[in-house]
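1. Take this sequence and fold it.
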Amino acid sequence: MRERARVIDVWLEDRVKTVLPKIMRRAGIDMWIIISREYNEDPVLKTFLPSTWQSARRNTMLVVYDPGAGKKLETYAMARYAVGKMFKKAWDKEKQPDQWKALSNFIAEKNPKKIGVNKSKDFALADGISTTHYEQLMAALPGNMKGRVVGADNVAIGWLETRTPSEMAVYPRIVRMAKQIIAEGFSEKVIQPGVTTTDDVVWWYRDRIRELRLTTWFHPSVSIQRKDPESFEHLRAFSDRPENQVILPGDLLHVDFGITYLRLNTDTQQHAYVLKPNEKTPPKYLKDAFKRGNRVQDILTGNFKTGLTGNQILKRSLDGCKAENIKCSIYTHPIGFHGHAAGPTIGLWDQQGGVPIRGDYPLYENTAHSIELNAATFIKEWDKEIRIMLEEDAFFDGEKTYYIDGRQTELMIIPRNLSPNQ
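-> Numbering: from 1, shown residues only. Below you'll find the model as predicted:
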């Protein structure tokens, strides 16, 4: 835990120095104020806290001021003590007992052109200031400053979505750990066909995550598609799936799984096939269906271009699938400090015509995304349509998109020989 803390703090210092100036200048905001009360933290503020802080303390006020091009950002804590190494103490309670008055005096002294606060109607992660704090801030500001207060949507999202070289040096290992846990759970080590249920596997995943001293940001899910009358429905697949289904030979298994490590998250969906007696590989019709899922991934990531909005990428990708006679749905989201993170929304499973506002946000370089989608194929042997539901974490560097730790291109089989680290 000490080593993890060291890495988090080094990354934070690097991000404040390299990411924040660019984001603030891109958004045209020269002062950014983040205010939170203990246990009611702004989601952005939590990414600025040092590794040893589990929450804000009392009223935690952070102020970032940009004095102009060629000059370093100034970072302050309007608090009784510094917040980590990056935010130095800027309030002397003995001289000015009123914290809000001290903040107001400080802002007037710096005289910023635009004062950004995390108040947003459209982006949850950029809407972290409470109504109480916003009202207190506006009441404290001098009259000539009130009109300079603007929503800091683009600063908050830009800060959260941008990945640094140091983070990307480690992110592949985090994704790999998640995939190794998935592979271990989708194996004969955990699954005994005819006995093991889907819930057994789900809770094995939860226990394994804790055993490895990791955490998860959502409860995993395991589902089955098989030769039966049940048709695919999104609500059934994602929130209303049958519980405690016994896993049987011939089943196509699906898992949705993610972990959190060093404040970064993963989100992965993969498939496995349970071999029937005398089978050595999955049936060709399932292999072909899986390839269609990979093809949708290629079409989508091929449309990642700097400046295109999520809705533009979605339409181009859906049109590309249609041109190749692939029935698909795309619901891709950013990944990083949060699982469903800040950045452009590229479709929702129930909004394939585009997503207002969040889908209109543009794609920027150095951002990570969970390439989440499905491809439908009618399986005549099962007399039904199935969905290959895939999700793999990828990084866009401004020119190309690559998977952070590769992607699944073949169905896992159960049983199979496990590698030594599994």
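
2. Pull the number of nearby residues for residue 220.
-> Residue 220 has 22 neighbouring residues, counting by other C-beta atoms under 10 Å. For the C-beta atoms, the positions are set from N, CA and C on the backbone; glycine is no exception.

3. residues touching it, list them.
-> 202, 205, 206, 255, 256, 257, 258 (C-beta atoms under 8 Å, 6 or more residues apart in numbering).

4. Verify the stated contact: the third one with residue 219.
-> Yes. Contact status for residue 206 versus residue 219: in contact at 7.3 Å, counting by C-beta atoms under 8 Å.

5. With neighbour count, secondary structure and distance to residue 399 added, can I get the contacts of residue 220 in CSV?
-> Formatted as CSV, the contacts of residue 220 follow (neighbours: other C-beta atoms under 10 Å; DSSP: H, G, I helix; E, B strand; the rest coil; distance: C-beta to C-beta, whole Å):
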residue, neighbour count, secondary structure, distance to residue 399
202, 21, helix, 39
205, 24, helix, 36
206, 12, helix, 39
255, 25, strand, 32
256, 21, strand, 30
257, 25, strand, 30
258, 22, coil, 27
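
6. Which of those sits closest to residue 267?
-> Nearest to residue 267 out of the contacts of residue 220 is residue 258 (C-beta to C-beta; 4.5 Å).

7. Just give the nearest non-adjacent residue to residue 96, would you?
-> In this structure, residue 96 finds its nearest non-sequential neighbour in residue 102, 4.3 Å apart by C-beta to C-beta, 6 or more residues apart in numbering.

8. Can you list the buried residues in whichever helix or strand that neighbour is part of?
-> Secondary structure assignment for residue 102, by DSSP states H and E: helix 99-110. Across helix 99-110, burial judged by 16 or more other C-beta atoms under 10 Å covers 99, 100, 102, 103, 104, 105, 106, 107, 110.

9. Using JSON lines, please lay out those residues together with pLDDT.
-> Shown next, in JSON lines, are the buried residues of helix 99-110 (pLDDT from 0 to 100):
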{"residue": "99", "pLDDT": "94"}
{"residue": "100", "pLDDT": "94"}
{"residue": "102", "pLDDT": "94"}
{"residue": "103", "pLDDT": "95"}
{"residue": "104", "pLDDT": "95"}
{"residue": "105", "pLDDT": "94"}
{"residue": "106", "pLDDT": "95"}
{"residue": "107", "pLDDT": "95"}
{"residue": "110", "pLDDT": "95"}
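
10. of all those residues, which comes closest to residue 69?
-> residue 110 (16.3 Å).

11. quick one: that closest one and residue 65 touch, right?
-> Yes. Here residue 110 reaches residue 65: they are 5.2 Å apart, a contact under C-beta under 8 Å.

12. Report the residue ranges of every domain in the chain.
-> 2-160, 163-414 (automatic domain parsing).

13. what sits up against the helix holding residue 102?
-> Contact partners of helix 99-110, identified using C-beta under 8 Å, 6+ apart, comprise 31, 33, 59, 61, 63, 65, 76, 78-79, 90-93, 96, 115, 136-137, 139-142, 145.

14. So which of the residues you listed sit within helices?
-> Per DSSP state H, helices hold the following members of the contacts of helix 99-110: 136, 137, 139, 140, 145.

15. How many residues are close by the spatially closest residue to residue 308 that is not a sequence neighbour?
-> In space, and not counting its chain neighbours, residue 308 is closest to residue 363: 5.5 Å by C-beta to C-beta, 6+ apart. Residue 363 has 24 neighbours, counted by other C-beta under 10 Å.

16. can you tell me how far residue 363 sits from residue 369?
-> Applying C-beta to C-beta, to the nearest Å, the value for residue 363 to residue 369 is 9 Å.

17. what do the two both touch?
-> Common contacts of residue 363 and residue 369 (C-beta under 8 Å, 6+ apart): 343, 396.

18. Spell out which helix or strand contains residue 390, please.
-> strand 384-396.

19. Strands of the stretch 1-150 of the chain, residue ranges please.
-> 31-37, 59-65, 74-77, 88-89, 115-117, 149-151 (DSSP state E, counting those that start in this stretch).

20. Just the CA trace of the first one, in CSV.
-> Output for strand 31-37, consisting of C-alpha atoms alone and laid out as CSV, is shown next (Å, rounded to 0.1, in the frame of the first residue of the first chain):
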residue,chain,number,x,y,z
MET,A,31,-9.2,30.2,-12.4
TRP,A,32,-10.7,26.9,-11.3
ILE,A,33,-12.3,26.5,-7.9
ILE,A,34,-13.2,23.0,-6.5
ILE,A,35,-15.1,23.0,-3.2
SER,A,36,-16.2,20.0,-1.2
ARG,A,37,-17.4,19.1,2.3
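
21. can you pull the buried residues of it?
-> 31, 32, 33, 34, 35, 36, 37.

22. circling back: mutual contacts of residue 110 and residue 65, please.
-> Common neighbours of residue 110 and residue 65, using C-beta under 8 Å, 6+ apart, are residue 31.

23. Counting by contacts, list what the strand holding residue 390 packs against.
-> Helices and strands touching strand 384-396, by 3 or more C-beta pairs under 8 Å, 6 or more residues apart in numbering; DSSP states H and E, are helix 165-185, strand 252-257, strand 268-274, helix 284-301, strand 367-379, strand 401-403.

24. Give me the average confidence score over the longest one.
-> What it means is helix 165-185. Here helix 165-185 scores 98 as its mean pLDDT.

25. what about this structure, any weak spots by pLDDT?
-> Across the chain, the ranges flagged by pLDDT under 70 are 233-241, 418-422.

26. follow-up on the earlier one: want to throw the helices and strands packed on strand 384-396 into CSV with distance to residue 353?
-> Shown next, in CSV, are those (distance: least, C-beta to C-beta, whole Å):
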stretch, distance to residue 353
helix 165-185, 31
strand 252-257, 24
strand 268-274, 23
helix 284-301, 16
strand 367-379, 16
strand 401-403, 24
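
27. Out of those, which gets nearest to residue 158?
-> Smallest distance to residue 158 across the helices and strands packed on strand 384-396 (C-beta to C-beta): 9.4 Å, for strand 367-379.

28. Understood, closing this out.
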